[in-house]
Each structure stands twice: as structure tokens, then as C-alpha cells.
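>>> sharing a model that was predicted from the sequence below.
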Amino acid sequence: MKPALELTAPDLRALLASLIRGSGLHASKAHYLLASSLDMDALASIQPSQSGLQESELRSVALAFTEMLCIPGTAVDQLMSCSTMDEWAQCALEFWRANPAELVFKTSGSTGTPNACKQSFALLEQEIQAQAEIFKEHTRIVTLVPRHHIYGFLFSILLPKALGTPVLELPLVPSRNQMEQLRPGDLVVAFPMFWKSLAVLAPTFPPGVCGVTSTGPCPADVIHSLLNLGLCRITEIYGSSETGGIGTRHHPDHDYTLLPFWEPLAIQPDHQATLTRRLPNGETAGSFKLPDLIHWETARTFRPLKRQDKCVQVAGVNVYPEKVVDCIRSHAMVRSCAVRLMRPDEGQRLKAFVVLKDESRIDAFRRDIRTWLVQRLSASEIPKSLTFGTALPTNDMGKDADWD
């Protein structure tokens, strides 16, 4: 039997850094360490009072940290009393080790309400041991994904433990300097937007470098381009925050294969699938509905047909534009709005078209809206561009249309 995996203080320090970066709280503080650095040793020694965050923001991070680790809310006050961020990690680890059973990964539901997805640590370990068999030839993990999301936690924290390999963390924006740091045997863990940008950069890969992608579909033409550039293989992981990984495939023309612990309860052509899971103790548990319509080739291989929740990808995160619409529309100055993902020539974030109740107050709205949105949305959900008009754009058939 393989030894059980355990979380350590450096693991929790990495989770903490990822939570802070993902919160967007430091976005307006140019001097703040994590806005431009991935140095975990620097994070360990920094004092919370010198982080550039207000006390209320630090408390918000502490609360999110305790919620993720499923440790008592009373731990927040103890974290706030720590003198360094490394002490935060050590303190949280003591609480975690008292009951190392579950973690919570947050996502947005199709209604736009963030969902807290509780995951058994034993089942996360079960998955990563199965993934380790797939990636056992690799000698280093190169990660570009946030560790506080389930994909990043599995592949940037647990997979290196299961394989016994080191981890190299790189910035999210691809560059030739990044690619020069790759070496034979690396497994690059990233998401579709990164792979798209990398295909445009067109680097040369060392031999034996493979990739992993998840959080949403990666276009087949992007994968083919990267394979033509010398990337050995890209493995697509199909799953969700609610279920973890469900299946994998190593080529966009192939079907996904279920991970060994999943079984379909019933196979219906081009229908929403329901799976059951074989637990580590041999028992089976529950029924899990997949978010897609599924076409089954065999009892173990499948192809997703259509995503049922209306989300888009922003910086590797699934974002629901309708949630952002509801948020902006709730502002007292707004009559109506529309939110879309930018076209490739515009960028890779969300954009919003806003109709105000009083057109003369555009300047006042611009001054107010940034702070207002930061208090209500994640960094990935906040539109990068705002356009104003007297009516939402439509085409000559009266249907919603894009705008410049």
C-alpha cells in the first residue's frame, strides 16, 4: 500500500499565498509582495501588518483560509495574532492535523451564487494516486495554476508528493524566458488561456516535456499547434470542483477514459450522465450528475457534447457573466447592462456595456464602480472594460449583439 499523503506547513503557505493573490485584495497596492513575486520564502517572513493589506482584509483572508481547511472559525483570531505569515501556516496546520478530513474549494454555480464544494481528503488522495500512475514518468512539476482551486491543489500540491518530484512555479503569462527554464521530463500544469497564448508565442520545447490542461475545454487547434512545436503530449482532465477529476484523454481526437474509481450508473445516448464512485475501502458512494451531455463510446470512454452551465474562462477560472450582470444591475445608478467575454483582439477578460439611469453621471459612476465591484466580485469577475450607451446593443433582428 502506498504511504498516505500529508499536508505540511509549506503546503499551507502556498495555499495562503494563492488565496491572497486570487482575492484581488492587493491589486491596488503596487508595493505588495505577492503582486509581483512568487517567492514563498519571502512570504514566510513577512509580517501581516507589513503586507499592504488592511486589518479587515487580512481577517477576510484568514476566514477564507479557515473555511478552506474546514478548521474552526475560532482559529481566525489565533491567525490574526501571529507575527509572520509562516506562523499563520504553522498555526493552521496544527488545527488541520487535529481532523485532517476535508477541504472546501469554492466555485460559482450556474445561478451565479458561489458554491462551497466540500471534498474528502481521502478521495482527493485516491484521485491523485490514480493520476500519478498516468504521469509517473515525469521528474518535475511546472505549475501555473492557483493552488486554492481544486485543480491546482491536486496537481501542484498532491501530485508532486505522490510522485516525489520537485515543483517549479511560474507566472501566469507565458514568455520565452519561462520556456527556457523547462527541461526534459517536465510536466507543465496550466489552463486553456495559457496554452492559447503559448501557441501564439510558438516556443521550442525540450524533448519529453508534456502538458496538462483543465478548468475548461482547450481548443483542438491549440493542442495540435503545440504538438507540432514539439510538446510531447497534452493530457486533458475532465471534471469539476464538485467531483474532482472524472476522466482523462491524451489527444483531442480521442475520447475521455474514466478514472478507475468512477462507474456510470446508466448509459443513455447523448444524455446527462450519472456516475457512482468506488471508495478507497471498496464501498460505493452516491450518484453524481455531470454538468454536460455525454456521448458514451463504451462503458469506460466518453465525449462531452454540450456544457450545461453558462460559464466562460477568465485567467483559468470559470466565470459566470450573468452573475456579473446581476451585480452591476443592482447598483443604484444602473438601468441595465450586458457582460461578455472580450473578443481575442480586445483581450482575455470580461467587458460590460452599461446603461445608466442618468447619462450625465457617467464620470461619477466610473469613480465609484471599481471599489463597489471589488467588494462584491472576485478579480476574475470584474470587467476590464466599461462601455456606456443609451440602450443595450442589438442586431437588426433585435437580438443581443456584441459591441466595440
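Now that the structure is in, tell me what you want to look at.
>>> all helices in the stretch 51-200 of the chain, in order from the N-terminus.
55-69, 75-80, 85-98, 121-134, 150-152, 159-163, 176-180, 192-201 (DSSP state H, counting those that start in this stretch).
>>> measure stretch 370-387 end to end?
Stretch 370-387 has an end-to-end distance of 14 Å (Cα to Cα, to the nearest Å).
>>> buried residues in that stretch?
Across stretch 370-387, burial judged by 16 or more other Cβ atoms under 10 Å covers Trp372, Leu373, Val374, Leu377, Ser378, Ala379, Ser380, Glu381, Ile382, Pro383, Leu386. Heads up, the C-betas are built off the backbone N, CA and C, glycines and all.
>>> longest strand of this structure?
As assigned by DSSP state E, the longest strand anywhere in the chain is strand 284-296.
>>> so what's Cys232 closest to, chain neighbours aside?
In space, not counting the residues next to it along the chain, Cys232 is nearest to Cys210; the distance is 4.8 Å by Cβ to Cβ, 6 or more residues apart in numbering.
>>> would you mind measuring from Ile234 to His295?
Distance from Ile234 to His295, counting by Cβ to Cβ, to the nearest Å: 21 Å.
>>> so what sits opposite Ile234 in the bridge?
Gly211 (DSSP bridges).
>>> next up, the contacts around Gly389.
Contacts of Gly389 were listed using Cβ atoms under 8 Å, 6 or more residues apart in numbering, and they are Phe353, Val354, Val355, Trp403.
>>> tell me who's in contact with Val339.
Listed by Cβ under 8 Å, 6+ apart, the contact set of Val339 reads Pro321, Glu322, Val324, Val325, Ile328, Leu350, Lys351, Ala352, Phe353, Pro383.
>>> just those: which are in helices?
Using DSSP state H, the members of these that fall within helices are Pro321, Glu322, Val324, Val325, Ile328.
>>> out of those residues, who has the most neighbours?
Val324 (26 neighbours; other Cβ atoms under 10 Å).
>>> Three-state assignment for the closest residue to it other than its chain neighbours, please.
The shortest distance from Val324 to any non-neighbouring residue, by Cβ to Cβ, 6+ apart, is to Val339 (4.6 Å). Of the three states, Val339 takes strand under DSSP: H, G, I helix; E, B strand; the rest coil.
>>> in the sheet, who's paired with Val339?
In this entry, Val339 is beta-bridged to Ala352, by DSSP bridges.
>>> quick one: it from Pro321, how far?
4 Å.
>>> what touches both of those two?
Leu350.
>>> what's the angle from the host helix or strand of Arg335 to helix 321-329?
Using DSSP states H and E, Arg335 sits in strand 334-341. Between strand 334-341 and helix 321-329, the angle comes out at 150 degrees (axes from the mean of the first three to the mean of the last three Cα atoms, to 10 degrees).
>>> point out where the stretch 51-200 of the chain drops to low pLDDT.
51-53, 107-114 (pLDDT under 70).
>>> do that again at 90, thanks
51-61, 73-74, 80-88, 99-101, 106-117, 145-146, 148-149, 170-178, 191-193 (pLDDT under 90).
>>> and for the closest residue to Leu265 other than its chain neighbours, the neighbour number?
Among residues not flanking Leu265 along the chain, Thr274 sits closest, at 4.6 Å (Cβ to Cβ, 6+ apart). Here the number of neighbours of Thr274 (other Cβ under 10 Å) works out to 16.
>>> same question for the one 10 residues further on.
As a burial measure, Thr284 scores 12 neighbours (other Cβ under 10 Å).
>>> confidence score at it?
Per-residue confidence at Thr284 stands at 89 (pLDDT).
>>> so it bridges to which residues?
Arg278.
>>> distance of it relative to Asn99?
In terms of Cβ to Cβ, Thr284 sits 25 Å off from Asn99.
>>> got it, and Glu242?
For Glu242 relative to Asn99 (Cβ to Cβ), the value is 22 Å.
>>> higher neighbour count, those two?
The neighbour comparison of Glu242 against Asn99 (other Cβ under 10 Å) goes to Glu242, with 17 against 11.
>>> surely the more buried one and Leu123 touch.
No. At 11.8 Å, Glu242 does not count as touching Leu123 under the criterion of Cβ atoms under 8 Å.
>>> re the thing from before, let me see the contact set for the residue nearest to Leu265.
If you count contacts by Cβ under 8 Å, 6+ apart, Thr274 has them with Pro264, Leu265, Ala266, Ser287, Phe288, Lys289, Leu290.
>>> quick check: which element contains Thr387?
strand 385-388.
>>> which other residues reach that strand?
Contacts with strand 385-388, where a contact means Cβ under 8 Å, 6+ apart, come from 342, 346-347, 349, 351-356, 359, 362, 366, 369, 403-404.
>>> ok, so of those residues, who is nearest Arg147?
When the contacts of strand 385-388 are compared for distance to Arg147 (Cβ to Cβ), Arg349 wins out at 22.0 Å.
>>> that closest one against Val314, yeah?
Yes. Counting by Cβ under 8 Å, Arg349 does reach Val314; the two are 5.8 Å apart.
>>> show me whatever sits in contact with both of these two.
With Cβ under 8 Å, 6+ apart, Arg349 and Val314 have common neighbours Leu341.
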